[in-house]
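Give me coordinates for this.
(one chain, ligands or ions: 1)
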Amino acid sequence: MRFTDSHCHLDFEPLYEQLTTLLTECAKQNVMRILVPAIGQQNWQKVLQVKKLGSQVNIDIALGMHPWFLKGVNDDTYQQLDAIVEQNHTSLSAIGECGIDGTIAEQHDNMAAQITAFNHQLALAKSYDLPVIVHHRKSHQQVTSLLKQAQLSKGGIVHAFSGSYQQAKAYLDMGFKLGIGGTITYERAKKTINTVSKLPLDAMVLETDAPAMPLNGFQGEPNSPLMIPRVFETLCQLRSESPELLAKHLEDNYSAIFGD
Ligand SMILES: [Zn+2]
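Down below sits the predicted model:
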């Protein structure tokens with residue numbers, strides 16, 4: 001069995017300082033492919049650089065603007081994003097991470113700015129025929145309606161999916177896969193656990209969001225792509241399929257969006 005971490009910030013500390021060792025360790029644990037999304041202008045160059053460090057482990061990257069980091073973003077920033085995507089589009093696997101965060105919108109009263117940023121990135125994804133890595137929090141309605149309007153050809157991943165079966169279905173119907181991570185290791189995430197146990201086999205990909213989102217039992221520690229096998233184990237407990245079949249589908253689902 002081999003695994004992909006479809007969402008991992010390898011350019012963040014403490015992952016970056018130990019990257020070579022970490023990637024060797026990942027290969028030993030059969031975590032053979034990792035997607036590194038960007039969060040904004042501050043890490044675009046570093047994400048591009050991380051791609052070059054992949055060896056046994058394949059590194060896929062995305063460039064974009066995370067809805068948490070839109071302060072100070074202006075027309076100039078959008079032009080720079082367009083330019084860096086233009087220059088590097090053949091090395092990119094996706095645009096992102098981008099999306100809508102309802103909690104941040106409430107705290108910073110910036111829903112309009114979030115929608116502008118998301119729409120800009122959806123248009124960019126569409127013009128380069130790239131998938132998107134989508135961040136959501138308390139925002140399923142806005143995210144699904146903006147994705148619907150965008151009519152992307154490649155779909156993408158709804159990262160750290162949590163929600164009902166109906167919410168999941170809305171994304172699946174638009175050709176998206178759902179990122180399944182540490183959330184399912186917490187018993188309190190009943191709704192998401194129930195949804196994940198019933199999803200079609202072609203709906204899911206694995207992720208950690210490392211160094212964020214530690215698994216249950218590891219709170220307070222930085223998360224790591226080495227936790228992918230544990231996320232997988234938890235997923236196996238929620239599903240009726242054999243681990244081999246499940247693992248194969250998880251890999252196929254990732255490849256269906258990003259290629260082999
Ligand atoms: Zn992330």
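
Okay, and Gly179 sits in which element?
Using DSSP states H and E, Gly179 maps to strand 176-180.

List the pairing partners of that strand within its sheet, with orientation.
Paired neighbours of strand 176-180 in the sheet (DSSP bridges): strand 156-158 (parallel), strand 204-206 (parallel).

could the ones you listed be laid out in a markdown table, adding distance to Phe12?
Where you see a C-beta, it was placed from the backbone N, CA and C, and this is true even at glycine. As requested, the strands paired with strand 176-180 are exported to a markdown table (distance: least, C-beta to C-beta, whole Å):
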| stretch | distance to Phe12 |
| --- | --- |
| strand 156-158 | 19 |
| strand 204-206 | 19 |
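
so which of those gets nearest Gly54?
strand 204-206 (17.8 Å; C-beta to C-beta).

pLDDT averaged over that closest one - what is it?
Strand 204-206 carries an average pLDDT of 98.

Could you do stretch 54-61 as well?
92.

Stretch 15-29 too?
Here the average pLDDT along stretch 15-29 is 96.

neighbouring contacts of that stretch?
3, 5, 8-10, 32, 34, 46, 50, 53-57, 210-211, 222, 224-226, 228-229 (C-beta atoms under 8 Å, 6 or more residues apart in numbering).

Just to check, Leu226 is in contact with Leu10?
No - counting by C-beta atoms under 8 Å, Leu10 is not a contact partner of Leu226; they are 12.0 Å apart.

re earlier: can I get the strands paired with strand 176-180 in TSV with mean neighbour count?
Formatted as TSV, the strands paired with strand 176-180 follow (neighbours: other C-beta atoms under 10 Å):
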stretch	mean neighbour count
strand 156-158	29
strand 204-206	27
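
Test my guess that Asp60 contacts Leu130.
No - using C-beta under 8 Å, Asp60 is not in contact with Leu130; the gap is 11.1 Å.

which neighbours do these two share?
Ser93, Ala94.

neighbour count winner among those two?
The residue with more neighbours, out of Asp60 and Leu130, is Leu130; 25 against 21, by other C-beta atoms under 10 Å.

which phi and psi does the more buried one have?
Main-chain torsions, Leu130, degrees, to the nearest 10: phi -110, psi 150.

any idea how far it lies from Gln42?
Between Leu130 and Gln42 the computed distance is 21 Å (C-beta to C-beta, to the nearest Å).

cool, Arg33 as well?
25 Å.

for Asn216, same thing?
31 Å.

So for the two, which residue has more residues nearby?
Higher neighbour count among Asn216 and Gln42: Asn216, with 15 against 9, using other C-beta under 10 Å.

Doesn't that one lie inside a helix?
No - looking at Asn216 with DSSP: H, G, I helix; E, B strand; the rest coil, it is coil, so not inside a helix.

and the residue nearest to Gly155 when sequence neighbours are not counted, backbone torsions?
Closest residue to Gly155 apart from its sequence neighbours, by C-beta to C-beta, 6 or more residues apart in numbering: Gly175 at 3.3 Å. The phi/psi pair for Gly175 (degrees, to the nearest 10) reads phi 90, psi 20.

Can you report how many residues neighbour Gly175?
Neighbours of Gly175 (other C-beta under 10 Å): 15.

same question, Ala94
27.

Next secondary structure after the strand holding Gly179?
helix 190-198.

model confidence over that following helix, on average?
96.

which residues of this structure fall in helices?
Ranges of helices in the chain, per DSSP state H, are 19-28, 44-53, 75-88, 102-108, 111-127, 140-150, 165-172, 190-198, 228-238, 243-258.

show me the contacts for Ile257.
Pro131, Lys154, Gly155, Gly156, Ile157, Lys177, Val205.

wait, doesn't the last one sit right on Arg33?
What that stands for is Val205. No - if you go by C-beta under 8 Å, Val205 and Arg33 don't touch, sitting 10.5 Å apart.

Please name the residues that touch Gly163.
Contacts of Gly163 by C-beta under 8 Å, 6+ apart are His140, Lys191, Thr192, Thr195.

which of those tops the neighbour count?
In the contacts of Gly163, the most neighbours by other C-beta under 10 Å go to Thr195, 24 neighbours.

Thanks a lot, catch you later.
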